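1. Quick one, what's the 3D model for this:
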Amino acid sequence: MFRLFEKVSQRVLKLERPFCEIPGETSIMRSLTIILSVALATILCLDLTSAQATTATVTRLKAYPDQVPDEQIPRNNLGDSPFGWGPHSWQGPESGKSNFHVWYDGSGGTTFWNLLFGDDAVTVSQLQSLSYWTKKETAIPESQDWWMTIYTAPEGDAGDSGTWYRSRLHGNYNHVSSGDWEFWTTDDDSLMFRDSRRGGGHMSLADIAGGNTAVSPGGWDYSNEIIRSITIQTDSGWDGFDGYVDGLTIALNDGSVGEVDLCAVPEASSIVIWSLLGGLGIAIAWFRRRRAA
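-> Residues are numbered from 1 along each chain as shown. Now for the predicted structure:
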């Protein structure tokens with residue numbers, strides 16, 4: 001920034017001589033020139049700082065209930081969503097569980113992760129923050145809510161916790177219900193994770209991504225593991241769930257932000273109604289044109 005200031009000042013001061021060769025006004029013009037050069041350099045430096053601070057790339061995708069790859073399809077929650085994620089959201093399934101994946105395909109493809117962040121592998125150490133929104137009625141037990149899970153890719157050795165993942169980190173979901181939309185984020189540790197296979201307690205994303213082995217089970221270091229999937233899901237043991245979810249956000253430390261807006265599929269009755277209204281509008285327009293003729 002100071003180099004830019006110096007260069008701009010020098011370039012502006014080079015213009016000083018032609019404007020200052022007016023008899024009796026040399027000192028005044030010199031002062032004005034210096035003031036203008038400083039102001040211009042300051043503005044340019046501020047613009048540069050602003051540009052550097054706003055280089056984050058935000059990509060938002062829409063996901064629909066029928067894009068849940070396995071388990072049960074979530075229900076539509078029409079006309080209700082957290083601010084900025086409207087107009088609809090998802091409700092848990094009537095039975096069984098729902099499990100939505102932001103999946104990374106290492107061979108390239110059109111999975112949600114690849115569309116959000118590209119085809120290059122991303123490690124746990126590159127995660128900056130994770131967040132999402134939930135809502136549930138106060139009658140729903142505190143121990144039930146949509147939760148987030150981080151899966152990492154297997155490496156084919158004894159360290160793999162499962163056949164298709166190395167680590168499985170479950171987000172906490174013991175959420176006290178207020179009946180309103182609640183925001184869960186790793187930025188304030190309202191969203192933390194525990195290793196469901198190796199044991200241990202809840203850990204912050206900062207500790208997990210930073211490779212803090214002092215808080216992980218058995219001193220395990222997750223930081224260099226490749227992200228396989230980040231999911232939001234419910235539990236099969238609940239046999240259905242009536243809570244709502246929306247607004248999944250994944251931010252990387254290079255400034256890339258991926259957002260998934262959970263959208264509703266219009267009910268068949270709604271499609272029929274809107275089709276009838278559209279047909280009625282066409283008929284009215286045709287009738288008016290005929291009368292005018």
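
2. Can you give me every residue that contacts the spatially most central residue of the chain?
-> With distances taken as CA atoms, centre = their mean, the residue of the chain nearest its centroid is T249 (2.1 Å). By CB atoms under 8 Å, 6 or more residues apart in numbering, T249 lies in contact with S129, L130, S131, Y132, V257, G258, E259, V260. Where C-beta positions appear, they are placed from N, C-alpha and C, glycine not excepted.

3. any chance you could map the strands in the stretch 101-250 of the chain?
-> Counting by DSSP state E, counting those that start in this stretch, one finds strands in the stretch 101-250 of the chain at the ranges 127-135, 147-152, 168-171, 182-185, 193-195, 199-203, 227-233, 244-252.

4. D246 is in contact with S81, correct?
-> Yes - using CB atoms under 8 Å, S81 makes contact with D246 at a distance of 5.1 Å.

5. so what sits against both of those two?
-> Counting by CB under 8 Å, 6+ apart, the residues touching both S81 and D246 are S89, W181.

6. Can you give the domain ranges for the protein?
-> 2-53, 57-262 (automatic domain parsing).

7. for this protein, what spans make up the helices?
-> Counting by DSSP state H, the chain has helices at residues 2-13, 16-20, 26-53, 112-117, 205-209, 268-292.

8. Out of these, point me to the one whose mean pLDDT is lowest.
-> The stretch with the lowest average pLDDT out of the helices of the chain is helix 16-20, scoring a mean of 36.

9. what's the neighbour count on the closest residue to G219 other than its chain neighbours?
-> Of all residues beyond its chain neighbours, the one nearest G219 is T213 (4.1 Å), with distances taken as CB to CB, 6 or more residues apart in numbering. Neighbours of T213 under the rule other CB atoms under 10 Å: 14.

10. How much space separates T213 from Y165?
-> T213 is 20 Å from Y165, where distance means CB to CB, to the nearest Å.

11. ok so, going back, any chance of TSV for the strands of the stretch 101-250 of the chain, columns mean pLDDT?
-> As requested, the strands of the stretch 101-250 of the chain are exported to TSV (pLDDT from 0 to 100):
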stretch	mean pLDDT
strand 127-135	98
strand 147-152	98
strand 168-171	98
strand 182-185	96
strand 193-195	98
strand 199-203	96
strand 227-233	97
strand 244-252	98
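
12. Can you say which of those strands is nearest to N99?
-> Judged by CB to CB, the one of the strands of the stretch 101-250 of the chain that comes nearest to N99 is strand 227-233, at 4.2 Å.

13. now the angle from that closest one to strand 127-135?
-> Taking axes from the mean of the first three to the mean of the last three CA atoms, to 10 degrees, one finds strand 227-233 and strand 127-135 inclined to each other by 20 degrees.

14. counting contacts, what elements does strand 227-233 pack onto?
-> Under the contact definition 3 or more CB pairs under 8 Å, 6 or more residues apart in numbering; DSSP states H and E, strand 227-233 sits against strand 98-103, helix 112-117, strand 127-135, strand 147-152, strand 244-252.

15. quick one: buried residues of it?
-> For strand 227-233, the neighbour count (16 or more other CB atoms under 10 Å) marks I227, R228, S229, I230, T231, I232, Q233 as buried.

16. Not counting sequence-adjacent ones, nearest residue to G240?
-> Nearest residue to G240 in three dimensions, chain neighbours excluded: S95, at 4.5 Å (CB to CB, 6+ apart).

17. what do you get for Q126?
-> Closest residue to Q126 apart from its sequence neighbours, by CB to CB, 6+ apart: L252 at 5.1 Å.

18. How about the one you found: which residues does it bridge to?
-> Listed beta-bridge partners, L252: L127 (assigned using DSSP bridges).

19. how many other residues sit next to it?
-> When neighbours are counted by other CB under 10 Å, L252 comes out with 18.

20. Go ahead and confirm it touches S129.
-> No - when contacts are counted by CB under 8 Å, L252 is not listed as touching S129 (9.0 Å).

21. Identify the contacts common to those two.
-> Counting by CB under 8 Å, 6+ apart, L252 and S129 have no common neighbour.

22. what bridges to E182?
-> Beta bridges link E182 to T134 when assigned by DSSP bridges.

23. Surely S161 and S167 touch.
-> Yes - at 5.8 Å, S161 counts as touching S167 under the criterion of CB under 8 Å.

24. what touches both of these two?
-> D195, R197, R198.

25. Now for these, which sits with the most neighbours around it?
-> Most surrounded of those: other CB under 10 Å gives D195, at 22 neighbours.

26. okay but that one is in contact with D221, surely?
-> No - if you go by CB under 8 Å, D195 and D221 don't touch, sitting 11.8 Å apart.
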